[in-house]
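Chemist: structure for the following, please:
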Amino acid sequence: MTKKKFQGATLECVQGDIANQPDMDAVVNAANARLLMGGGVAGAIHRAAGPGLEEECRPLAPIDPGQAVITGAHNLPNRHVIHCLGPVYGRDNPSDQLLAECYRNALQLAEQNGLQSVAFPALSTGAFGYPPEPAARIAINTVIEHLPGLKSVTHVRFVLFSSSDQQIYETLFDEISG
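Modeler: Numbers count the residues shown, from 1 in each chain. As a prediction, this is how the structure comes out:
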């Protein structure tokens, strides 16, 4: 785990399971447009949360790339799940702006709901094909850019599935001066 203080907030990157972050107010789901159970992050979150999550999501769908919606966490150990639809790399353009919107919109929902902590997966990097290093750079830069405007959110964690993804985030964390 790598932890960094930046502008009064704690930024972390850890290798782990996004569906098992009991100390975080919200986890972010790498959702599909219909907000249904899928593979990867969406599958893990929906399986852990139980069928109530999909029921709550149904009237909120569909969402477009870059959009985010918030629900309860159901059987997860968190208060909320923030569902983001990341861009499919090479199809949804401009992919860098749409990916940044995911992080920005998730942080805005967390702030609007008075949440202090949010855990993000590496959005769009799995089945959606976004290259991990540019995706990590967008994620970290977008979060840092929006920290000064956040009053309640003081802890952001990036939960990464693979050790190679964690290494990318750790390298980028080393570039942060804070």
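
Chemist: buried stuff in the longest helix along the chain?
Modeler: When the chain is parsed with DSSP state H, its longest helix is helix 95-112. Residues of helix 95-112 classed as buried by neighbour count (16 or more other Cβ atoms under 10 Å): 95-96, 98-111. (Glycine included, C-beta is placed from N, CA and C.)

Chemist: for that helix, packing partners?
Modeler: The contact analysis (3 or more Cβ pairs under 8 Å, 6 or more residues apart in numbering; DSSP states H and E) places helix 95-112 against strand 68-72, strand 80-84, strand 117-120, helix 132-146.

Chemist: next, the angle strand 68-72 makes with it.
Modeler: The directions of helix 95-112 and strand 68-72 differ by 40 degrees, with axes from the mean of the first three to the mean of the last three Cα atoms, to 10 degrees as the criterion.

Chemist: circling back to that earlier point, how about the helices and strands packed on helix 95-112 in a markdown table, adding mean neighbour count, distance to Ala44 and mean pLDDT?
Modeler: Listed next are the helices and strands packed on helix 95-112 as a markdown table, based on neighbours: other Cβ atoms under 10 Å; distance: least, Cβ to Cβ, whole Å; pLDDT from 0 to 100:
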| stretch | mean neighbour count | distance to Ala44 | mean pLDDT |
| --- | --- | --- | --- |
| strand 68-72 | 19 | 16 | 98 |
| strand 80-84 | 26 | 11 | 98 |
| strand 117-120 | 25 | 12 | 98 |
| helix 132-146 | 19 | 18 | 97 |
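
Chemist: can you tell which of the ones you listed is closest to Thr10?
Modeler: Closest to Thr10 of the helices and strands packed on helix 95-112, according to Cβ to Cβ: strand 117-120, at 8.5 Å.

Chemist: any low-confidence regions in the chain?
Modeler: Flagging of the chain using pLDDT under 70 yields the residue ranges 177-178.

Chemist: so the residue nearest the centre of it bridges to which residues?
Modeler: Computing the C-alpha centroid of the chain and ranking residues by Cα atoms, centre = their mean puts Phe120 first, at 2.8 Å. For Phe120, the beta-bridge partners under DSSP bridges are Phe158.

Chemist: surely it meets His155?
Modeler: No - in this structure Phe120 lies outside contact range of His155 using Cβ atoms under 8 Å: 11.5 Å.
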